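Undergrad: Quick check, what structure comes out for this input:
(4 chains)
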Amino acid sequence: MNKLTTVEEAVSIIKDGDTLMIGGFYTVGTPHDLAEEIIRQNKKDLTIINNDGGNPDSPLGRLIYSGNVKKVILSWCGYLNELPDMVKSGKIELELNPQGTLIERIRAGGFGLGGVLTKSGINTIIEEAGYGKRVHLNGEDWLYHPPLKADVTLIEAYKADNFGNLLFRGTQRNFNDIMCYAGNIVIASVKKPIKKKGELAPDTIMVQGPVVDYLVQQEV
Amino acid sequence: MNKLTTVEEAVSIIKDGDTLMIGGFYTVGTPHDLAEEIIRQNKKDLTIINNDGGNPDSPLGRLIYSGNVKKVILSWCGYLNELPDMVKSGKIELELNPQGTLIERIRAGGFGLGGVLTKSGINTIIEEAGYGKRVHLNGEDWLYHPPLKADVTLIEAYKADNFGNLLFRGTQRNFNDIMCYAGNIVIASVKKPIKKKGELAPDTIMVQGPVVDYLVQQEV
Amino acid sequence: MNVSEQLTVVKTLSKKEKIAKRVAQMFRDGSLVNLGVGLPTLIPSFIPKEVEIWAHAENGIVGVGPPALKGEEDYLYVDAGNRFCTIKPGGSFFGSATSFGLIRGGHVDFTVLGAMQVDEEGNLANWMVPGGKMAGMGGAMDLVVGAKKVIVASEHCTRDGSPKILKKCTFPLTGARVVDIIVTELAYIEVTPEGLLLKEISADTTIDEVISKTEAELIIADDISVMNV
Amino acid sequence: MNVSEQLTVVKTLSKKEKIAKRVAQMFRDGSLVNLGVGLPTLIPSFIPKEVEIWAHAENGIVGVGPPALKGEEDYLYVDAGNRFCTIKPGGSFFGSATSFGLIRGGHVDFTVLGAMQVDEEGNLANWMVPGGKMAGMGGAMDLVVGAKKVIVASEHCTRDGSPKILKKCTFPLTGARVVDIIVTELAYIEVTPEGLLLKEISADTTIDEVISKTEAELIIADDISVMNV
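TA: As a prediction, this is how the structure comes out:
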């Protein structure tokens, strides 16, 4: 079971029409190498789930601007100035979720739960726009949101071993750990030289090896 | 803000009638010193949430047998041979939850979610006994379970700093990290000498200091 | 510092600094606080020395420290406002699921946000102008339903002088019935079940001026006092 | 080892060991496997050398290693069966929320459990006898709905010789329509939408004997073969 591969091979697994979860908050923790390669390989009709879409200069932002993305699910897109116009002209569909709802929908998808029950967005445009469905449970009103899953998850990690165990550093973790559970295929772009199985302390591991399918070593 | 206290003072915070979450799987990760002190201080009419209730020789098991516990919520009680008879004779109430449902109900309570939607226990006695409520959401049937909260959470940690940051080791973590979020007051019994703020690496912390109210140093 | 020096310092505070200074007085030692972008970032410098607060960042920090010094930026230490930051001793990093768990679960003691509009019911609109540029709500909708106390820290009126504190918000809401306290350069107002309770006014205004600059009905507190800023 | 020695080894396998050996053949290199208490704990010793599996323990381990040696027990390394265990290189520890996330989310490739009763629809009863002692379901209800493949590994009949593979379970269910494969010392049976498909029988039995010891209707596979145990 060799999980180590190249950026080219890892990204070649993505099919046109796939739903991708791409990690990162602003550009921290985003696998820039993988996003750049998705542009290069000209993958089409993608749906992308990410917190904020990066910025127009980042590979993820350029991918969203490329015309090859049919839908984005984000919590914020303040750096992507052209996105609202692209939405208006029908070039792309934008779904905005409260950030806490977005991460929890991804967790529900990855952890086999039926969805999220939250107060976030209740009695707001989120509910009016039909993104959440009001349910009455345990004596209270909640907004229900269905789980999110992806065909492929692409994230950045700081350390890894060749079994796929992952560690993050600082604010690199953000959506990255949870997204690993919600992708049918998981690709991690690893910053530091990838270690051998057993070289990471078992209590410190943030994503368990069996969940990760492919590892790409960033240039070191 | 001094969170360090004694076993006696920490446990004195518990009131008769309180709902307690007590960490641990079998007896690993259970704060034995705190459970023993609850017996000694003769706290009454308690509701206890734990995975398995320990065993008849452990402080938690003896607390459950003591007559001072009116209800236990567990996933398994195979070591507590007298518990079924106590239930039959009305001395104690027992609610059994699938283990994955139990931990997720605690997480929902601690993280402000409206409850849990799971397939676990669907079409079984769990549903027939009314523990879960069947709901139809996103085209599928799920069992809904309401969140669980506690007046006081009592857990064991391996390392801590005096701000309340906690680390666990091996299988000590089990329910302990998540239970910290679901208790109004959180007491941690710490194995290793408690460190100063800043001495634990910020990426390795498993429960954040602000969540923990009291720290008790185990004998070292 | 003698009294006249102190007076000078106070006089040089901008509107925003006044608001920040008043909000800073609400925190207790050990408070976990989420500070929004803009005005709320001015608050930390006004926190009394004997009070240690813990700043929470949505992207996964408890204990956000001061901005990183030029040349000492760590590319993986970035706060929720996209600034290179540091972390305080005792701080911790974690993922978004835990971060919003802390928020939704009521573990964040205070969240301080700006407002486009706020109203008598405690409704808050701070993320979207109808027909305006769509930027998204980020974590604001979670913060306003989850934090123990929701503080709106905002100038009393819009740039063109019209009221921000309204009878009823007209912009899309961030949250319904969520605001606890409104702090402006003129007033400290509590949202109560009976309506907006004016508890303090700044030294350089009058109750009448505050009323005239507020569309919402104000209840004047019996013990109304002067804001200590 | 020559053929006659091999034969001797095979002949000395107990019923339970036969079942364990057959189940062990189903795992692939890298499989994440949850092994229940009792019979399933015999499986690891039958896994081919070229296949490395990762044992999952509900209380928070991926990569459970062999039992701890006498005198080398670590009081915080305990598996889901309450045995002092070790952890393999590459293994990891985590909390119950992640552990059951792995289970419910379909990340566990195989779960192997015993059965009191199993039936034509793939219903499984393995946690409670009506009127019997109440011990609780532990993690079994999550495992049977979450794991990719649910394997029942059980002796074909109860101790008193009555069938365990029934038309309809009478004991309280662990899960409804959850079982994929049933392995006994006599047979390898797949649960299909059409019913129970008998695919293999052991060398020392006959189809008729299997049918006679099974209450449920069995569909005999066209390519029925002998279990390699």
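
Undergrad: I figured A:Arg173 hits C:Thr98, correct?
TA: No: judged on C-beta atoms under 8 Å, A:Arg173 makes no contact with C:Thr98 at a distance of 9.0 Å. Placement of C-beta: from N, CA and C, glycine included.

Undergrad: Those two - which one has more neighbours?
TA: A:Arg173 (33 against 24; other C-beta atoms under 10 Å in any protein chain shown).

Undergrad: Can you show me the helices along the chain?
TA: I went with chain A, as the question did not name one. Taking DSSP state H, the helices of chain A run over residues A:7-12, A:32-40, A:59-65, A:83-88, A:99-110, A:125-128, A:176-182.

Undergrad: let's do chain C instead
TA: So, for chain C - with DSSP H - the helices run C:3-11, C:15-24, C:96-104, C:140-146, C:207-212.

Undergrad: Check those for me: which has the lowest mean pLDDT.
TA: Sorting those by mean pLDDT places helix C:3-11 lowest, at a mean of 51.

Undergrad: Could you find the closest non-adjacent residue to the residue of chain C found nearest chain B?
TA: Using C-beta to the nearest C-beta, the closest approach of chain C to chain B is made by C:Pro89 at 2.6 Å. Of all residues not flanking C:Pro89 in the chain, B:Gly198 sits nearest, at 2.6 Å (C-beta to C-beta, 6 or more residues apart in numbering or on different chains).

Undergrad: and C:Gly132, how many neighbours?
TA: 11.

Undergrad: Against C:Met116, how distant is it?
TA: C:Gly132 sits 10 Å away from C:Met116, going by C-beta to C-beta, to the nearest Å.

Undergrad: The residue of chain C closest to chain B contacts B:Ala201, correct?
TA: No: applying C-beta under 8 Å as the test, C:Pro89 and B:Ala201 come out as separate, 11.3 Å apart.

Undergrad: Show me what counts as buried in the lowest-mean-pLDDT helix or strand in chain A.
TA: Here the helix or strand of chain A ranked lowest by mean pLDDT, DSSP states H and E is helix A:125-128, holding a mean of 88. Neighbour-count burial for helix A:125-128 flags A:125-127 (criterion: 16 or more other C-beta atoms under 10 Å in any protein chain shown).

Undergrad: Kindly report the same for stretch C:15-34.
TA: Buried residues in stretch C:15-34 (16+ other C-beta under 10 Å): C:16-24, C:26-27, C:30-34.

Undergrad: Dump the C-alpha coordinates for it into CSV.
TA: Below are the C-alpha coordinates for stretch C:15-34, written out as CSV (Å, rounded to 0.1, in the frame of the first residue of the first chain):
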residue,chain,number,x,y,z
LYS,C,15,-15.3,58.0,18.6
LYS,C,16,-14.1,54.5,17.9
GLU,C,17,-11.6,54.5,20.8
LYS,C,18,-14.3,55.7,23.2
ILE,C,19,-16.5,52.8,22.2
ALA,C,20,-13.6,50.3,22.5
LYS,C,21,-12.7,51.7,25.9
ARG,C,22,-16.2,51.3,27.2
VAL,C,23,-16.5,47.7,25.9
ALA,C,24,-13.2,46.8,27.4
GLN,C,25,-14.6,47.5,30.9
MET,C,26,-17.1,44.7,30.5
PHE,C,27,-14.6,41.9,30.4
ARG,C,28,-13.7,39.9,33.5
ASP,C,29,-10.4,38.2,34.2
GLY,C,30,-10.4,35.0,32.2
SER,C,31,-13.2,36.0,29.7
LEU,C,32,-13.1,34.2,26.4
VAL,C,33,-13.8,36.9,23.8
ASN,C,34,-14.3,37.0,20.1
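
Undergrad: Can you confirm whether it lies near chain A?
TA: No: residues of stretch C:15-34 contacting chain A under C-beta under 8 Å from any C-beta of the partner chain: none, with a closest distance of 11.9 Å.

Undergrad: ok, now which ones touch residue 150?
TA: In the absence of a named chain, chain A is used. A:18-21, A:49, A:109, A:179, A:182-184 (C-beta atoms under 8 Å, 6 or more residues apart in numbering or on different chains).

Undergrad: could you do chain C instead?
TA: So C:Val150 contacts C:111, C:113, C:124, C:143-144, C:175, C:178-181 (C-beta under 8 Å, 6+ apart).

Undergrad: if we go to 7 Å?
TA: Shown in contact with C:Val150 (C-beta atoms under 7 Å, 6 or more residues apart in numbering or on different chains): C:111, C:144, C:178-180.

Undergrad: Can you pull the residues of chain A lying near chain D?
TA: Contact residues, chain A versus chain D (C-beta under 7 Å from any C-beta of the partner chain): A:1, A:110-113, A:161, A:163, A:165, A:181, A:197-198, A:202-203, A:205, A:208-211.

Undergrad: Go ahead and build a PyMOL selection from the buried members of those.
TA: Remark: buried members of the residues of chain A next to chain D, expressed as a PyMOL selection using 16+ other C-beta under 10 Å:
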select buried, chain A and resi 110+111+112+113+161+163+165+181+197+198+202+203+205+208+209+210+211
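
Undergrad: Give me every residue in chain A lying close to chain C.
TA: A:25-26, A:28, A:74-78, A:84, A:96, A:98-100, A:103-104, A:107, A:118-126, A:169-175, A:177-178.

Undergrad: Where does pLDDT dip in chain C?
TA: C:1-11 (pLDDT under 70).

Undergrad: wait, A:Val28 sits on A:Thr171?
TA: Yes: here A:Val28 reaches A:Thr171: they are 5.4 Å apart, a contact under C-beta atoms under 7 Å.

Undergrad: Straight-line length of stretch C:205-216, end to end?
TA: 18 Å (C-alpha to C-alpha, to the nearest Å).

Undergrad: So which bits of that stretch are buried?
TA: C:205, C:210, C:213-216.

Undergrad: ok, residues contacting stretch A:69-82?
TA: Against stretch A:69-82 from outside (C-beta under 7 Å, 6+ apart): A:45-53, A:55-56, A:61, A:63-65, A:83, A:92-99, A:102, C:135-138.

Undergrad: at 8 Å what do you get?
TA: Taking C-beta under 8 Å, 6+ apart as the rule, stretch A:69-82 contacts A:26, A:45-56, A:61, A:63-65, A:83-84, A:92-99, A:102, A:148, C:133-139.

Undergrad: Repeat that for stretch A:202-212.
TA: Where contact means C-beta under 8 Å, 6+ apart, the residues beyond stretch A:202-212 that reach it are A:3, A:157, A:160-161, A:163-168, A:173, A:176-177, A:180-181, A:186, A:188, A:197, B:167-170, B:204, C:95, D:30, D:32, D:54, D:62-63, D:87, D:90-94, D:98, D:102, D:107.
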